[in-house]
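Undergrad: make a model of this:
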Amino acid sequence: MDLEFHQLDLRYDALRTRHVRKERQLLASLADHGQLLPVVVVAADAPFVLVDGYKRVRALQRLAHDTVRATVWAIEEAEAVVLEHVMRAADPAGPLAQGWMLDALRARFALSLEELGRRLDKTPSWVSRRLALVKDLPEPIQILVRTGRLAPHAAMKYLVPLARANRAACLTLAGAIARAQLSTRQVGDVYALWQDGSEELRTLLVTDPRLALRAHAQVVTRPVPGGAPRLADDLRALAGLARRAHRRLRERAGPPRVLADHAAVLAMQDARADCAALFHRWDQERPDAGSEPTHGRA
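TA: Numbers count the residues shown, from 1 in each chain. A predicted model of the protein is given here:
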C-alpha cells in the first residue's frame, strides 16, 4: 500500500543512528531505481507507526516524493519493534542502540526488566546493563551518535567510562572529537592521552585533538640518541627467540635426546656466553641510564 508522509508516525526516529555516506548511497539508488523495498508499519489509533525504513522515508522526502510504499505488520506495536530489532541485529551501534530501544519500550509500554528480557530471550541483567549504558552516556553525546557525528563503538568503549568518571570532561571531549570527525581508533588514542595526560595536553585535546595526536606521534617516533629504539627492538627479538627455544626444549622427549643433539649443545653454549656478555654490559650501563648520552664509548 502507498502512504502519504503525514500518515506516518515517526516516533522511533531518535533511536536510529545516521550515517552520511550510507544515506547518500541510498539517495542515489532511490533516484536511479525508485523504491525497491517497502517500509514496515503497524496500524495505530491514528497514523501508521513506522517500524522500519526511516532512512528510506528521509531520502524519499528529499527527492520530493509524495508517498512511500509500505507493508503493514498485523501485530502489536511492541512486538513489531522487538522483531525489527532482532532482524537488525548487526546494527553497528550494538548495545547502545539496544539500550535506546529498550528504554523506549519501557517508557511507552511500562514493561519490566523481566518482560523486556522475555520478549528478546535475554536475562533481566542483560536488559539492565544496556539501559545503564544509555543512562550513563549524556544525552548530547547520544545525539552525536544518532546523527552520525560520533562512531557508536567509540562512544561505548571510551566515552561511557569517561562519563562515569567525569561527566563534564566527557561532554567537552566528545564535542571536540565530533568536530574533528575522528575514527574509532583515533578516539581510542585521544582517550588514552586524556587518561595519562597533563593539564596542558588535555587543553590541547579539547581544542584541537588532531594536532594533539600529531604532536604525540612525533614524540613517540622521534629518534633517540644512542640507538635506543634499535636496541629495544633487538632485545624484544631476543626475548621472543628465547621463548620459542624454551617452548621447543619443553617439547623434546627429555634430557638424553637434547644432550645427544650435538649442534643444539654447541648452540646453547654460544647463546649462554653471548647472553652473559650482554647482561654483564647491561649491568655496567645501568648506572648511566639517567645521564646524558656520551659519545665515543668502546
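
Undergrad: what strand or helix carries the residue nearest to Ala155 when sequence neighbours are not counted?
TA: With sequence-adjacent residues excluded and distances taken as CB to CB, 6 or more residues apart in numbering, Ala155 is closest to Val145, at 5.1 Å. In this view, the C-beta of every residue, glycine as well, is placed from N, C-alpha and C. Assigned by DSSP states H and E, Val145 falls within helix 139-146.

Undergrad: show me what that helix is packed against.
TA: helix 95-109, helix 167-180 (3 or more CB pairs under 8 Å, 6 or more residues apart in numbering; DSSP states H and E).

Undergrad: so how far is Leu37 from Gly94?
TA: With the distance defined as CB to CB, to the nearest Å, Gly94 ends up 24 Å from Leu37.

Undergrad: between these two, which has more neighbouring residues?
TA: Gly94 (15 against 10; other CB atoms under 10 Å).

Undergrad: close enough to count as contact, the more buried one and Ala155?
TA: No - Gly94 is not in contact with Ala155 according to CB atoms under 8 Å; the separation is 10.3 Å.

Undergrad: quick one: the helices in the stretch 151-298 of the chain, in order.
TA: Here the stretch 151-298 of the chain has its helices, by DSSP state H, counting those that start in this stretch, at 152-154, 160-165, 167-180, 184-196, 199-207, 209-221, 228-251, 255-260, 262-285.

Undergrad: mean pLDDT lowest for which of those helices?
TA: Of all these, the minimum mean pLDDT falls on helix 255-260 (a mean of 51).

Undergrad: name the nearest residue to the residue nearest the centre of the chain, sequence neighbours excluded.
TA: Per CA atoms, centre = their mean, the C-alpha nearest to the average position across the chain is that of His153, at 3.2 Å. Using CB to CB, 6+ apart and skipping the chain neighbours, the partner closest in space to His153 is Thr184 (5.2 Å).

Undergrad: tally of neighbours for the one you found?
TA: The tally of other residues near Thr184 (other CB under 10 Å) stands at 15.

Undergrad: which residues touch it?
TA: For Thr184, the contact set (CB atoms under 8 Å, 6 or more residues apart in numbering) comprises 151, 153-154, 157.

Undergrad: same thing but at 10 Å, please
TA: Residues counted as contacts of Thr184 (CB atoms under 10 Å, 6 or more residues apart in numbering) are 150-158.

Undergrad: what's the closest of those to Ala176?
TA: Top of the list for closeness to Ala176, among the contacts of Thr184 and by CB to CB, is Leu150 at 10.9 Å.

Undergrad: distance check, the residue nearest to that closest one when sequence neighbours are not counted against Leu182.
TA: Nearest residue to Leu150, sequence neighbours excluded (CB to CB, 6+ apart): Leu144, at 4.0 Å. Distance from Leu144 to Leu182, counting by CB to CB: 12 Å.

Undergrad: common neighbours of these two, please.
TA: Common contact partners of Leu144 and Leu182 (CB under 10 Å, 6+ apart): 150-151.
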